[in-house]
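**Student:** generate coordinates for the sequence data below:
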Amino acid sequence: MKGSSGKTVFVCQACGHQVGKWLGRCPQCGAWNTLAEEWLPSPAAAGLEVSLPPRRSQAKPLSDLCVTPETRRPSGIVEFDRALGGSLVQGSVVLLGGEPGIGKSTLILQVLDCLCQGGLKGLYISGEESEAQIKLRSERLGLTSPQLLVATETCLENLLKIVEETRPNFLALDSVQTIYTATLPAAPGSLPQVRETAFRLAQQAKLAEMATFLIGHVTKEGMLAGPKVLEHLVDTVLYLEGDKSHAFRLLRTVKNRFGPTQELGVFEMQEKGLVEVANPSALFMAERSLMVPGSAVVPSLEGSRPILVEVQALVSPSSLALPRRQAMGVDPGRVSLLVAILEKRVGLGLGGQDLFVNVAGGVRLTEPAADLGVALAVASSYLDKPVPPDTLIFGEVGLTGEVRAVSAPEMRLKEGRKLGFQRAFLARRQKEHLGNLPGLSLIGVETVAQAIRGALGEQAN
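**Tutor:** Sure, this is the predicted structure:
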């Protein structure tokens with residue numbers, strides 16, 4: 001009960017900054033409406049002794065530090081291991097986020113079942129579903145490992161007792177927002193509860209060298225719910241993305257202390273769960289329409305993997321005073337910038353046109369290498385001239401209309417050559433550096449206007 005043994009503070013859910021009164025905007029990170037009330041007890045006022053924890057280590061010269069190689073274990077699902085940086089590190093904490101119903105619980109159950117096939121023990125604790133619901137899902141997925149244990153619990157103290165009794169090698173918690181500790185008066189899912197439970201679970205994972213998976217909710221903006229410190233506590237942060245109306249699911253790495261970030265694993269949702277896609281480029285190109293205006297193929301680099309995706313654009317005369325501009329799979333602000341470049345530097349009259357841009361298959365492009373592909377797709381639709389179907393297009397576009405070089409061009413070009421593409425438009429400086437690639441004709445361009453003339457055969461003003 002609140003009294004004189006503590007005080008009320010307001011903590012920012014985005015950065016953790018504390019203030020003494022409620023404010024509309026956090027003075028530390030600038031986020032709006034993120035300050036939540038929290039009761040901060042005073043141990044001295046409550047008559048409790050404050051004991052300092054033992055020192056973890058002594059200061060040493062950097063050159064004298066010893067590196068102990070981490071123990072890695074492949075999960076057996078190649079696309080999941082790719083997102084983790086190659087394999088699962090024993091004792092690591094992995095946070096998996098995604099929209100409701102996207103397949104987070106299904107994926108983790110499949111991963112635990114594969115990990116337990118070798119005789120190791122896994123524990124799946126659910127705070128949202130009953131044992132009957134978990135059983136029905138496991139039968140649908142065909143999970144057969146006898147070493148996979150299941151429990152339903154929401155109290156952290158009882159949960160840790162179950163972990164101590166079973167001593168699993170792998171732990172999965174679905175979800176971290178449903179767990180609460182009895183030592184705090186706050187409700188489950190609140191800022192102090194999520195922060196405290198995640199911290200204690202991460203400590204337990206390190207002490208027992210137990211790989212731990214935490215499933216987290218996301219907000220309506222698509223970000224992980226709860227304080228930002230939740231992402232700082234864990235070793236790896238994964239997002240499971242995709243449109244529920246599509247069968248594809250993309251597992252994207254946002255943070256990884258044991259491997260590269262921005263890796264991408266591709267899955268397909270089927271009747272028996274998530275099935276990994278070994279060649280996503282061929283899958284995304286299978287339903288592409290040939291010789292149709294408004295389509296361009298871009299070799300996007302997702303982590304260490306090149307993936308060919310189709311960028312589609314539709315430009316039509318608008319009957320509205322303010323033409324519509326919609327973009328799915330690409331940054332709308334970047335699309336508006338490219339439209340302005342096409343109007344100013346190329347001379348295309350897009351001011352009175354409705355414009356729609358979409359990346360087929362539900363893929364989300366974040367790198368600037370897709371700029372040239374988006375620009376040519378828009379120009380192709382406006383001029384009603386198709387881009388040749390055997391053409392790859394990639395490059396960053398500057399505000400003056402110049403085409404700039406991007407990273408890893410050889411990987412992108414080799415991926416396109418495997419699928420039968422015969423020519424590629426890229427920055428001239430990059431083409432001169434690469435030389436010639438057998439079976440692939442490289443066309444270097446300096447400006448967007450030059451790329452449009454080369455790809456569409458249209459004289460730009």
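
**Student:** residue contacts, A405?
**Tutor:** By Cβ atoms under 8 Å, 6 or more residues apart in numbering, the contact set of A405 is G395, E396, L426, A427, R429, Q430. Just so you know, the C-beta spots here come from the backbone N, C-alpha and C atoms, and that holds for glycine as well.

**Student:** part of a strand, is the third one?
**Tutor:** It stands for L426. Yes: assigned with DSSP: H, G, I helix; E, B strand; the rest coil, L426 falls within a strand.

**Student:** which regions of the stretch 201-350 of the chain sit below the pLDDT cut-off?
**Tutor:** Applying pLDDT under 70 to the stretch 201-350 of the chain flags the ranges 219-228.

**Student:** strands of that one, start to end?
**Tutor:** 211-216, 236-241, 248-256, 264-270, 273-276, 295-302, 305-317, 325-328 (DSSP state E, counting those that start in this stretch).

**Student:** still on that earlier bit, of the contacts of A405, keep whichever come out buried.
**Tutor:** G395, E396, L426, A427, Q430 (16 or more other Cβ atoms under 10 Å).

**Student:** now, which of those sits nearest L322?
**Tutor:** In terms of Cβ to Cβ, no member of the buried ones among the contacts of A405 lies closer to L322 than E396, at 28.9 Å.

**Student:** the closest one and G373 touch, don't they?
**Tutor:** No: E396 lies out of contact with G373 (Cβ atoms under 8 Å); the separation is 10.8 Å.

**Student:** what comes up buried for stretch 403-415?
**Tutor:** Quick answer for stretch 403-415 (16+ other Cβ under 10 Å): V403, R404, A405, V406, P409, R412, L413, E415.

**Student:** okay, the strands of the stretch 201-350 of the chain in JSON lines with mean neighbour count next?
**Tutor:** Output for the strands of the stretch 201-350 of the chain, formatted as JSON lines (neighbours: other Cβ atoms under 10 Å):
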{"stretch": "strand 211-216", "mean neighbour count": "26"}
{"stretch": "strand 236-241", "mean neighbour count": "23"}
{"stretch": "strand 248-256", "mean neighbour count": "21"}
{"stretch": "strand 264-270", "mean neighbour count": "20"}
{"stretch": "strand 273-276", "mean neighbour count": "19"}
{"stretch": "strand 295-302", "mean neighbour count": "25"}
{"stretch": "strand 305-317", "mean neighbour count": "20"}
{"stretch": "strand 325-328", "mean neighbour count": "15"}
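
**Student:** so which of those strands gets nearest G435?
**Tutor:** strand 295-302 (18.2 Å).

**Student:** for the contacts of A405, which two are the farthest from each other?
**Tutor:** Greatest spatial distance among these (Cβ to Cβ): E396 and R429, at 11.8 Å.

**Student:** helix or strand: which one has L149?
**Tutor:** Using DSSP states H and E, L149 sits in strand 148-152.

**Student:** A14 contacts T34, doesn't it?
**Tutor:** Yes: A14 is within contact range of T34, at 4.8 Å (criterion: Cβ under 8 Å).

**Student:** comparing the two, which residue is more hemmed in?
**Tutor:** When A14 and T34 are compared for neighbours, T34 comes out ahead with 22 against 18, by other Cβ atoms under 10 Å.

**Student:** do you know how far that one is from H217?
**Tutor:** Distance, T34 to H217, using Cβ to Cβ, to the nearest Å: 16 Å.

**Student:** and if you look at G101?
**Tutor:** As judged by Cβ to Cβ, G101 and H217 stand 12 Å apart.

**Student:** which one's more surrounded, those two?
**Tutor:** Counted by other Cβ under 10 Å, G101 and H217 do not tie: H217 has more neighbours, with 19 against 9.
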